[in-house]
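Visitor: I would like the atomic coordinates for the input below:
(2 chains, ligands or ions: 1)
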Amino acid sequence: MKKDIIISGVGGQGILTISTVIGTAALSEGLELKQAEVHGMSQRGGDVQSHMRLSSDKIASDLIPQGQADIIISVEPLESLRYVEMLNREKGWLVTSMNPFNNIADYPPVEDILNAIWELPHYVTIDANRVAKDLGSIKAANIVVLGAASPLLDIKYDSLEEAIRTIFAKKGEDIIHLNLKALRAGRDYAQERT
Amino acid sequence: MQKLLLLGDEAIAQGAIDAGISAVYAYPGTPSTEITEYIQASKQAAEKKIKSLWSANEKTAMETAIGMSYAGKKSLVCMKHVGLNVAADPFINSAVTGANGGLVVLSADDPSMHSSQNEQDSRFYGKFALIPVLEPSNQQEAYDMTRYAFELSEKFGTPVLIRVTTRLAHSRAGVTRAKESKQNSMQLPGDLQQFVLLPAIARRQYKRLLTKQELFENDGLESGFNTLIPGKDKSLGIVACGIAYNYLLENFEGGKVPYPVLKVGQYPIPAKLVEELYNSVDEMLVLEEGYPIFEELLRGYLNKGKTVRGRLEGSIPRDGELNPNIVGRALGLAITEGFETPSILRGRPPQLCEGCSHTDSFKALNEALEPYSGGRVLSDIGCYTLSALPPLESINSCVDMGASITMAIGAADAGLFPVVAAIGDSTFTHSGITGLLDAVNHNSPITVLLNDNSTTGMTGGQDSSAFGKVDDIVRGLGVEEEHIRVITPLRRNHEENVKVFQEELEYRGVSVIIARRECIQTLARRMKLKALEKRKEKTLA
Ligand SMILES: Cc1ncc(C[n+]2csc(CCOP(=O)(O)OP(=O)(O)O)c2C)c(N)n1
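Guide: I've put the predicted structure just below:
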């Protein structure tokens, strides 16, 4: 098994949480893992990305080579496009939230962004904010997106759930349940489409 | 032992704890910050009473560690690459004094300048100081080499430099720990003059350092961190330093490189290994993250030997960090294409947070400066440097930590009036205080905007040495009481803040406007913790 994943978004949107959930789940399944992150407050409001590599064999590079990512998971649509150069042309999937984070003057029209995404052969676009809001809090939007990518990960769904329980343990039962529901909602949405 | 999932930085931290350090001394700086933060949060470190408070700057950190080494205990000093410039004086001289207790310096380089002003290569400093340098290629080596660095330091009585770059510092992988070593008990050096660098003693110590050079090189043959890996295809011999080795392996199925490879993790690189490789191949390729230090050595000034390919020759770009594709191209391999980046993509530079105090400070300053021509704000390094970008476009310089006040003095001496120096609270205590003393002593006509958000914001909100002390320091340096103005940068205070700036800009002496409002990120974090505590109390009740 080998999965190369790019996780992207805007600083402060919770992409590290997505990486941590996948990482924790992968580790529990005994997979090898490398995960290059972007750190530093300087990234606040700017573009951030994480390279996540999972494999049953040894992994050499911390960075994914161009054109070889299996999945892009993005919590922001414009940011999802920043890394399509990294995506595998034959089998690569792009999974992204459709909700723009508009903090720049020349942010393009959302329709244009979505149209560019919809030109790719394999994609899932999800209104993660609405799904999360319906479940109780927009804060779980990142986990909704993770849920939407979950059928593509080659990681057992149980392992992802268990990882969420571990990672959100400190925040109390309510938050754990919210995120478990978010994961499920994202997954259900994607399974109708993948 | 159980595998831990650690950042390269965290692997170094865990390695240092397990090596038996008694302290870590550091000033924050990307990508080195997480090392000290890991030790600060570690229960094991707390049990061992490892000191881990932030230092005022890299120089004080380095000197404190030399003091601990003098007293016989082990310590780690951490900084980002430019921090080593600040610590250079004690660093270079510590090579001459030599170490008593284990002394290891960690410098984290930032090629491609993800969050830095330059991409200087710390390996140069190792060579400059004439001490051993270790450069891990992965997280496990980061752990192992940190352990080894302390052994090396005490074996040869020398400080040791560990160099990492951003990608390793900030990438996670599994790490297996080894058995803990004991902390040292206090023991002063046998020779109580060892650390007295008076010329006569310094000459003796320096000769000692020179005689150790051969030992350092030989150690690189035995440590296992430099290995010559055989390959059938002798048309090319590859030298791969640090993380470059991973990028090389990535380009070959199962990591099977057909060429002979010298994997380098310890400097000075043993000449014996280089010679063996060089003599067995037609051509050489040097893969090093950072400056072409080894490539330059290998090709020589006149470049008359075998072809040496790399950054100087052009197979690899002269600047920026490496990646698997750059290495692949240098090897003449085909690169897989992804999708073309759509033309509607837009850049998204980092920016000040919504509600940041700096925004309100600079809005007021901008308005007060409107009547004057532009180019009057010399600034420093911190979150407030982002005010250089639209929409604020307030500042005109950012050179090194502390340079705002001193550059303003120079510009004022050249005739620029009014002139403003903008500096943050952590930067002020890092290296702004001495500059302000100069300004007071020269009675320079400058206006200092001291952005006191009560934290080290840029690097993630570490405690600021200046906390609660700024006003007293400014007063103590001799700035006149009526020209120390404290304002609260809030939108609703805009008009009165503009007035304060207008008044002080026209004053022909030193004035300091302290703009004080807590960073909204640290404020939010504090509030969250408070709420958590309240909930805990409730459930307990
Ligand atoms: C010599 C050196 N050390 C460390 C850094 C990393 N660094 C950049 S800005 C900064 C601190 C800024 O804190 P402060 O001045 O309080 O401003 P703030 O970011 O809070 O606005 C640090 C540690 C650096 N660039 N140079």
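
Visitor: for the residue most central in space within chain A, give the beta-bridge partners.
Guide: By Cα atoms, centre = their mean, chain A has its centre lying nearest to A:I73, at 3.3 Å. Beta bridges link A:I73 to A:I7, A:V95, judged by DSSP bridges.

Visitor: distance of the residue of chain B found nearest the ligand from B:R516?
Guide: As assessed by Cβ to the nearest ligand atom, the ligand sits closest to B:G424 within chain B, at 2.2 Å. Using the backbone N, CA and C atoms, a C-beta is placed for each residue, glycine as well. Counting by Cβ to Cβ, to the nearest Å, the gap from B:G424 to B:R516 is 12 Å.

Visitor: please enumerate the helices of chain A.
Guide: A:15-28, A:77-81, A:110-118, A:128-135, A:141-149, A:157-167, A:173-191 (DSSP state H).

Visitor: relative to B:N100, which of the ones you listed is closest?
Guide: Nearest to B:N100, of all the helices of chain A, is helix A:15-28, at 41.0 Å by Cβ to Cβ.

Visitor: pick out whichever of B:G424 and B:R516 has more residues nearby.
Guide: Neighbours per residue (other Cβ atoms under 10 Å in any protein chain shown) separate B:G424 from B:R516, with B:G424 holding more: 31 against 18.

Visitor: I'd say that one and B:S379 touch.
Guide: No: B:G424 is not in contact with B:S379 according to Cβ atoms under 8 Å; the separation is 9.5 Å.

Visitor: just the pLDDT for residue 120.
Guide: Because you didn't say which chain, this covers chain A. At A:L120, the model reports a pLDDT of 97.

Visitor: chain B is the one I meant
Guide: On pLDDT, B:Q120 comes in at 98.

Visitor: and the one 3 residues further on, by the same measure?
Guide: Looking at B:R123, its pLDDT is 98.

Visitor: and it, what is it in contact with?
Guide: B:V133, B:E135, B:R163, B:Y267, B:G290, B:Y291, B:I293 (Cβ atoms under 8 Å, 6 or more residues apart in numbering or on different chains).

Visitor: recalculate using a threshold of 7 Å.
Guide: Shown in contact with B:R123 (Cβ atoms under 7 Å, 6 or more residues apart in numbering or on different chains): B:V133, B:R163, B:Y267, B:G290, B:I293.

Visitor: count of neighbours near the first one?
Guide: The local packing count at B:V133 equals 25, with neighbours defined by other Cβ under 10 Å.

Visitor: what is it paired to in the beta sheet?
Guide: According to DSSP bridges, beta-bridge pairing links B:V133 with B:L161, B:Y267.

Visitor: wait, it sits on B:Y125?
Guide: No: using Cβ atoms under 7 Å, B:V133 makes no contact with B:Y125, being 8.4 Å away.

Visitor: what is in contact with these two at once?
Guide: Residues touching both B:V133 and B:Y125 by Cβ under 7 Å, 6+ apart: B:L161.

Visitor: which ones among the contacts of B:R123 also lie next to the ligand?
Guide: Near the ligand, judged by Cβ under 6 Å from any ligand atom, there are no entries from those.

Visitor: neighbour-wise, which of those residues leads?
Guide: The most neighbours of any of the contacts of B:R123, using other Cβ under 10 Å, belong to B:R163, which has 27 neighbours.

Visitor: and it, helix, strand or coil?
Guide: Here B:R163 is strand, with the state taken from DSSP: H, G, I helix; E, B strand; the rest coil.

Visitor: tell me the predicted confidence for it.
Guide: On the pLDDT scale, B:R163 gets 98.

Visitor: residues of the stretch 401-541 of chain B that sit close to chain A?
Guide: Those residues of the stretch 401-541 of chain B that sit near chain A, judged by Cβ under 7 Å from any Cβ of the partner chain, are B:G457, B:M458, B:T459, B:G460, B:G461, B:Q521.

Visitor: distance of B:N279 relative to B:G415?
Guide: 63 Å.
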